[in-house]
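S.K.: output the structure for:
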Amino acid sequence: MTIISAATLCAGPSNLSPGAPRGYNVIEIDNDTWRARLHQRQMVNMQFNMPAWGPGHFVDTNTSFVEFDLAPPMEARPVGMDRNYALETASMHLGKGEWEQAIEALAGLPADTMARRMRLKAIEELDSPALTIALINEPTDVAEAVVLGHALLIEGDPKACKHFLEHPFVAICADASVQEIVSKLNARIAR
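M.R.: Numbers count the residues shown, from 1 in each chain. Okay, the predicted model is just below:
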């Protein structure tokens, strides 16, 4: 097992063992080969207020670096990890009232039921009919249909209204609030 210490970059003269210089390490990682190289750097002068840095020395290798193998992940990335991260991030943004950031965090989950509910909450809080129409193109439940229908009543063009009215979910929905929006949109189109 390779163990790497942090070195003594910020140590003062009284914190160092006699003859031991201040130092730091640089770790170089190659994710393709799962190899790493630890470079040791040490102070090469004794002016603590104006240090000069140079290569350190490893006794084991007689060089300023040590190479070692890294352990690759034991298994592939768990399924759903990205989804969970996106939902957690969006939830954090919703809690802070950061509506745009919540919508952005959920952008990769257009069909996820929980993500759609969270996105709808952010859309409602933003109260932007144009954004609502752009983000809820295909309503999948009553809440989305009502929010989209309301936005279309405020700012919808005839083509978008017609698309909404012909949408399979809207066309067969028996919910009273959706039916009221449908009737108002039909009246607007008939004018």
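S.K.: isn't residue 45 up against residue 51?
M.R.: Yes: contact criterion CB atoms under 8 Å: residue 45 and residue 51 qualify, at 6.5 Å. (Glycine included, C-beta is placed from N, CA and C.)
S.K.: which one of these two has more residues nearby?
M.R.: Between residue 45 and residue 51, residue 51 has the larger neighbour count (other CB atoms under 10 Å), namely 14 against 11.
S.K.: and the closest residue to the more buried one other than its chain neighbours, its phi and psi?
M.R.: Among residues not flanking residue 51 along the chain, residue 43 sits closest, at 4.5 Å (CB to CB, 6 or more residues apart in numbering). Backbone torsions of residue 43, given as degrees, to the nearest 10, read phi -70, psi 130.
S.K.: what sits against residue 43?
M.R.: For residue 43, the contact set (CB atoms under 8 Å, 6 or more residues apart in numbering) comprises 21-23, 51-53.
S.K.: recalculate using a threshold of 10 Å.
M.R.: 8-9, 11, 16, 20-24, 51-54, 56 (CB atoms under 10 Å, 6 or more residues apart in numbering).
S.K.: same thing with residue 63?
M.R.: Counted by CB under 10 Å, 6+ apart, residue 63 has contacts 39-40, 55-57.
S.K.: write a PyMOL command that selects only the buried members of those.
M.R.: PyMOL command restricting the contacts of residue 63 to the buried ones, with burial defined by 16 or more other CB atoms under 10 Å:
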select buried, resi 39+40+56
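S.K.: residue ranges with poor pLDDT in the protein?
M.R.: Applying pLDDT under 70 to the chain picks out residues 1-3.
S.K.: on that earlier part again, which of the contacts of residue 43 count as buried?
M.R.: 8, 11, 21-24, 56.
S.K.: and residue 89, what helix or strand is that in?
M.R.: Following DSSP states H and E, one finds residue 89 within helix 81-95.
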